[in-house]
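**Student:** Here's my sequence, what's the structure:
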Amino acid sequence: MNRGAALTGALLVTLASPATWPLALAAFLLRGGLLVVALPILVLPTPVGLGNLLAPTLTAFVFGGVTFQLAAMVATIVLAVLAWLVAGGILAAILEAEAARIVAAHEEVAPPAGVVVHQLAVDELSGRGPARVARRRRTEAVGVFLARLAAHVPLGAVLVWGVVQVVAVTYRELTNPADVATPLAWRVLLASPDVVAAVVLTWMVGQAVGALAARRVVLARGGILWALRDALVTLARRPVVVLADFWLPTLALALVLAPSALAAASAADVVREAMNAPDEPLQLLLAVLLFVSLWVVGLVLTGVMCAWRAAVWTVGFGEAPR
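**Tutor:** Numbers count the residues shown, from 1 in each chain. Now for the predicted structure:
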């Protein structure tokens, strides 16, 4: 199938399946999209404020070594991140699997995926179907989570290597800057093109392989290792198709997120200004309504784009070489 026709077909299926919008949006937020959506309206600390916050801890570490309070703080942060990754990842896998089944059941999607969904419906109608379906879907959710986690192992390794490189470059720019007119963040990025390229490449491959493997776990009832192997084979055989299926919806999502973030940030500034004028309650009410309206519209558009991104992989499942 032509890529344009496939992507258009996935978009039409998405528009005809509004139930997938909140599922895809929630999965996106759980997998880190919440930071992207919330960042424009957060008031970030200034370098001076950040230094005042971290200076006591860093000073105590440099001169006193690892204290119990520092170890407890680091352990709490690590445990919180791990809990978010596991709990959020499994919940996102449940939502992703449900959205994939909804799209696969659509009449416009290729038959290979539809057969599995039909069998699920038969199981649900049988006497012991609900329990079987519940167990199977729990197993599928864990399988999707583990498949996506395994697909992003290279990204984790690159991030560890990249942090070391970025810290070294940052230290060099702070102690012996070559250009003080350029912001520090840009100087660090420009001095670390290999880190940026490696992170983008491994993230792209991890996203594509994880999405392909997830569809095989859910729609083909395959094991995790088989799903990952089949996803890697598909990527090796049809790299252009897989890259198009990844980048075109991702760029569309970015085009939606950028103006939504700018609008939400501007509306948040209006709300803050209105809060400084307590004698104008109507102005504050209108500012809050404007902010909420723009926020909701941005979330809806983001949900549609996320659902389209997910539907592209589900529609492509029926086209993948066997």
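**Student:** those strands in the protein, which residues are they?
**Tutor:** For the chain, none of the segments meets the definition of strands by DSSP state E.
**Student:** for it, what helix or strand is lowest in average pLDDT?
**Tutor:** With mean pLDDT, DSSP states H and E as the measure, the helix or strand of the chain carrying the lowest mean pLDDT is helix 111-125 (a mean of 48).
**Student:** which ones are touching residue 14?
**Tutor:** 20-21, 103, 304, 307-308, 311 (Cβ atoms under 8 Å, 6 or more residues apart in numbering). Where you see a C-beta, it was placed from the backbone N, CA and C, and this is true even at glycine.
**Student:** Name the nearest residue to residue 3, sequence neighbours excluded.
**Tutor:** In space, and not counting its chain neighbours, residue 3 is closest to residue 244: 5.1 Å by Cβ to Cβ, 6 or more residues apart in numbering.
**Student:** Report the two of the contacts of residue 14 separated the most.
**Tutor:** Set against one another by Cβ to Cβ, these have their most distant pair in 103 and 304, with a gap of 13.3 Å.
**Student:** So if I had to pick from the two, which one is more boxed in?
**Tutor:** Shown here are residue 103 and residue 304; by other Cβ atoms under 10 Å, residue 103 has more neighbours (30 against 21).
**Student:** Which residue comes closest to the more buried one once chain neighbours are left out?
**Tutor:** In space, and not counting its chain neighbours, residue 103 is closest to residue 314: 4.3 Å by Cβ to Cβ, 6+ apart.
**Student:** wouldn't that neighbour be in contact with residue 214 here?
**Tutor:** No: under the criterion of Cβ atoms under 8 Å, residue 314 makes no contact with residue 214, lying 9.4 Å away.
**Student:** what residues are shared contacts of these two?
**Tutor:** In the contact map built from Cβ under 8 Å, 6+ apart, the residues linked to both residue 314 and residue 214 are residue 100.
**Student:** Which residue ranges of the stretch 151-300 of the chain form helices?
**Tutor:** Defined through DSSP state H, counting those that start in this stretch, the helices belonging to the stretch 151-300 of the chain, from first to last, are 153-175, 184-190, 193-219, 224-237, 239-275, 281-317.
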